[in-house]
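Asker: predicted model and sequence below, questions to follow.
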Amino acid sequence: MNSLDIIIIGAGIGGLTAAIALQQQGHRVRLFDRKPELTPAGSAISIWPNGVKVLNALGLGDAIAAASGDMQTMSYSDREGKLLTRFSLQPLYETVNQTARPIARTALQRILLATAGEHNVTLGISCDFAEQRDGKTIAHFSDGSQLAADLLIAADGTHSKLRDLVTGQKTERRYCGYVNWNGRIEATSDLAPLTEWAQFVGDHKRVSLMPMGGGLFYFFFDVPLPAGTPNERSHYKEELSEHFQGWAEPVRRLVERLDPATIARVEIHDIEPLTSLINNRLVLLGDSAHAMAPDLGQGGCQAMEDAWVLAQLLTQHEDLSRALKAYDEARLERVASIVTRARKRAETTHGHDPVVTQAWYRELAYETGEAVLKGIEKTVEGGPLE
Ligand SMILES: Cc1cc2nc3c(=O)[nH]c(=O)nc-3n(C[C@H](O)[C@H](O)[C@H](O)COP(=O)(O)OP(=O)(O)OC[C@H]3O[C@@H](n4cnc5c(N)ncnc54)[C@H](O)[C@@H]3O)c2cc1C
């Protein structure tokens, strides 16, 4: 297809990756973000091999590898610290021919932004409405300006304002029943082995420590709580001490050492799988299309896959509407199944049905790694790149 003028609303992981993929196919891309400064929410992200393969294909593999953590093993312990299972991630990496890359969100954003070109990004401007006429999409911005393009990509995240314009109906976010606190901390072996993704589970709660590069662990705590509980930064430490009272030494140490000033506290939501991601010259991509529970670590990876697939299809098809229809067909089922599986994983981990969660704790004691790695492999192998 000829080179298109494309507007992307949202310069998060999805918007920036899409900009790079589209620029590489010869399109002219402009990004707009309502934030006056691009500061990612959250400390780190685990890019699983399906996401890494997209970044490799975009030529970013070395930069990502240099900035990410070395994650070789995975373990689960119970709340008292008794090891339930520990296994190597090597069999997964060998089967899918790629390692995972846990990385600071700031590092990922720096790499994506530098590649997409800062001059292509306009900050501090929001777009809450777009209209389609005369074969163009017209974005309406908060400063009263308008801009016409051949295609508008709504990569405006989980709270997307443009989603309802695409789907033609109101989509409410669904609360997944738990709160996540996440941050980073100096990686020391009295917290967890330095190249291990270590998790502690019990009482429907979860604590995780993952090597994220730069001598740091990315950590998070999950606690099932009703929606709308007070979010007071000055209380984070006290709250976490209460929720994890009597837990294993490393968990208590983590709570003692963490700096509340650098923690993000998020009530976890997803959206019901959508029935279409396109409306003529408007396209959803990333969390606007498929906000999901983070329990499979796939939200960002799926945004990367969306970006890659869309850019390739625009090249493969002469006709824009055919290309977008092909995008819808390629992505709908894939993302719906991951949203659903992530939701199920979240429910199992966080005691949605306590009987199921107890059974999972018992299974972990017999887990050799095979079942866990098969699950990750299934997700990775459904991606667009070998
Ligand atoms: C606790 C937690 C842990 C996670 N862990 C992982 C993980 O390990 N691996 C993984 O792959 N994924 C993970 N995710 C998911 C991942 O963070 C998201 O899927 C990803 O950030 C989505 O990127 P996005 O670009 O679609 O949206 P966002 O990153 O939300 O970006 C959207 C952008 O759009 C802008 N915007 C919004 N509205 C407007 C508007 N009206 N006008 C202009 N700009 C606008 C926003 O300012 C923002 O910059 C996790 C999520 C959470 C909450």
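Answerer: Yep, that arrived. Residues are numbered from 1 along each chain as shown.
Asker: alpha carbons only: can I get stretch 260-268 in CSV?
Answerer: Extracted in CSV, the C-alpha atoms of stretch 260-268 (Å, rounded to 0.1, in the frame of the first residue of the first chain):
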residue,chain,number,x,y,z
PRO,A,260,6.9,4.1,49.2
ALA,A,261,7.8,7.2,47.2
THR,A,262,8.7,5.0,44.2
ILE,A,263,5.8,2.5,44.4
ALA,A,264,2.7,2.4,42.1
ARG,A,265,-0.6,1.1,43.6
VAL,A,266,-3.1,-0.2,41.1
GLU,A,267,-6.6,-1.6,41.3
ILE,A,268,-6.4,-4.3,38.6
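Asker: the ligand contacts on the stretch 51-200 of the chain?
Answerer: Neighbours of the ligand within the stretch 51-200 of the chain, by Cβ under 6 Å from any ligand atom: 51, 126, 127, 128, 155, 156, 157, 161, 180, 182. C-betas here are computed from N, CA, C, even on glycine.
Asker: sitting in helices, which of these do you find?
Answerer: Of these, the ones assigned to helices by DSSP state H are residue 51.
Asker: of the residues of the stretch 51-200 of the chain next to the ligand, buried ones?
Answerer: Using 16 or more other Cβ atoms under 10 Å as the burial test, these include 51, 126, 127, 155, 156, 157, 161, 180, 182 as buried.
Asker: okay, who's weakest in the residues of the stretch 51-200 of the chain next to the ligand by pLDDT?
Answerer: Within these, pLDDT reaches its minimum at residue 128, with 92.
Asker: the nearest residue to that residue once chain neighbours are set aside and residue 143, how far apart?
Answerer: Leaving aside its chain neighbours, residue 128 sits nearest to residue 161 (4.2 Å; criterion: Cβ to Cβ, 6 or more residues apart in numbering). Per Cβ to Cβ, to the nearest Å, residue 161 is found 16 Å from residue 143.
Asker: now swap in residue 289 and tell me
Answerer: In terms of Cβ to Cβ, residue 289 sits 26 Å off from residue 143.
Asker: same check on residue 76?
Answerer: Plainly put, residue 76 is 50 Å away from residue 143 if you go by Cβ to Cβ.
Asker: of residue 289 and residue 143, who's got more company?
Answerer: For residue 289 and residue 143, the more surrounded residue by other Cβ atoms under 10 Å is residue 289, and the numbers stand at 29 against 9.
Asker: which of the helices or strands spans the more buried one?
Answerer: Using DSSP states H and E, residue 289 maps to helix 287-290.
Asker: residue 164 reaches residue 170, doesn't it?
Answerer: Yes: shown here, residue 164 and residue 170 form a contact pair, counting by Cβ atoms under 8 Å, at 5.6 Å.
Asker: of these two, which one has the most company?
Answerer: Neighbour totals were compared for residue 164 and residue 170, and residue 164 leads with 11 against 7 (other Cβ under 10 Å).
Asker: so the more buried one, which of the three states?
Answerer: What DSSP: H, G, I helix; E, B strand; the rest coil gives for residue 164 is helix.
Asker: who are the packing partners of the host helix or strand of residue 328?
Answerer: Per DSSP H and E, residue 328 falls inside helix 320-349. Contact analysis of helix 320-349 by 3 or more Cβ pairs under 8 Å, 6 or more residues apart in numbering; DSSP states H and E lists strand 174-186, strand 264-270, strand 278-279, helix 287-290, helix 299-316, helix 354-364 as its packing neighbours.
Asker: and the nearest residue to residue 7 once chain neighbours are set aside, what does it touch?
Answerer: Spatial nearest neighbour of residue 7, chain neighbours left out: residue 149 (4.3 Å); criterion: Cβ to Cβ, 6+ apart. The contact partners of residue 149, by Cβ atoms under 8 Å, 6 or more residues apart in numbering, come to 4, 5, 6, 7, 30, 136, 137, 139.
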